[in-house]
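**Student:** Any chance you could fold what I've pasted below:
(one chain, ligands or ions: 2)
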Amino acid sequence: MSDCIFCKIIDDEIPSSKVYENEQILVFKDIAPKAPVHLLMIPKKHIPSLAEVTADDSDLLGYMLSKVPEIAKTAGLKGFRTIINTGKEGGQIVFHIHIHILGGGGSLPF
Ligand code: 5GP
Ligand code: ZN
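**Tutor:** Residues are numbered from 1 along each chain as shown. Ligands and ions are numbered 1, 2, ... in the order given. From the prediction side, this is the model:
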């Protein structure tokens, strides 16, 4: 999607601090961290939100969730919080589905 900032991050049109990347997913640091560690995991496929997911996406979504513990462990987290904001009323600002991974002490939001 040409007007999607996360697609632009995938394409390196917008810089980001990437922490993990493979053919299916990208993980990078949130630009405005709400915790000492605040990562965003996105699929390279543009899916606007969890509300737009179809059965065709179940393998991809399952894969993403299965990768979260590995990413969190590599980031030094012993525990973490995952959040998927969905829709404007769900607090979603960027309409490319993403999993927030938060941790590292301090008081977590929400
Ligand atoms: P949402 O509210 O949509 O679930 O979360 C979007 C997140 O993306 C926010 O936490 C925000 O700080 C982050 N974000 C927005 N624009 C950028 C950007 O250009 N680069 C990075 N690294 N994070 C961004
Ligand atoms: Zn996108």
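**Student:** what helix or strand is Met41 on?
**Tutor:** For Met41, the host element (DSSP states H and E) is strand 37-43.
**Student:** Following element in sequence after that strand, please.
**Tutor:** helix 58-74.
**Student:** Distance from the chain centre to that following helix, please.
**Tutor:** Centre-to-centre, helix 58-74 and its host chain are 10 Å apart (C-alpha atoms, centre = their mean, to the nearest Å).
**Student:** now what about it, what contacts it?
**Tutor:** Contacts to helix 58-74, defined as C-beta atoms under 8 Å, 6 or more residues apart in numbering, come from residues 19-20, 24-25, 27, 39, 41, 43, 45, 53, 80, 82, 99, 101, 103. To be clear about C-beta, it is placed using only N, CA and C from the backbone, and glycine gets the same treatment.
**Student:** Leaving out the residues flanking it, which one is nearest to Ile14?
**Tutor:** For Ile14, ignoring the flanking residues on the chain, the nearest one in space by C-beta to C-beta, 6 or more residues apart in numbering is Lys8 at 4.3 Å.
**Student:** Spell out which residues of this protein are next to ligand 2.
**Tutor:** Counting by C-beta under 5 Å from the ion, the positions of the chain adjacent to ligand 2 are Met1, Cys4, Phe6, Cys7, His46, His96.
**Student:** could those go into JSON lines alongside neighbour count, secondary structure and distance to Asp57?
**Tutor:** Compiled in JSON lines, the residues of the chain next to ligand 2 are given as follows (neighbours: other C-beta atoms under 10 Å; DSSP: H, G, I helix; E, B strand; the rest coil; distance: C-beta to C-beta, whole Å):
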{"residue": "Met1", "neighbour count": "12", "secondary structure": "coil", "distance to Asp57": "16"}
{"residue": "Cys4", "neighbour count": "16", "secondary structure": "coil", "distance to Asp57": "17"}
{"residue": "Phe6", "neighbour count": "22", "secondary structure": "helix", "distance to Asp57": "16"}
{"residue": "Cys7", "neighbour count": "17", "secondary structure": "helix", "distance to Asp57": "16"}
{"residue": "His46", "neighbour count": "16", "secondary structure": "coil", "distance to Asp57": "11"}
{"residue": "His96", "neighbour count": "22", "secondary structure": "coil", "distance to Asp57": "13"}
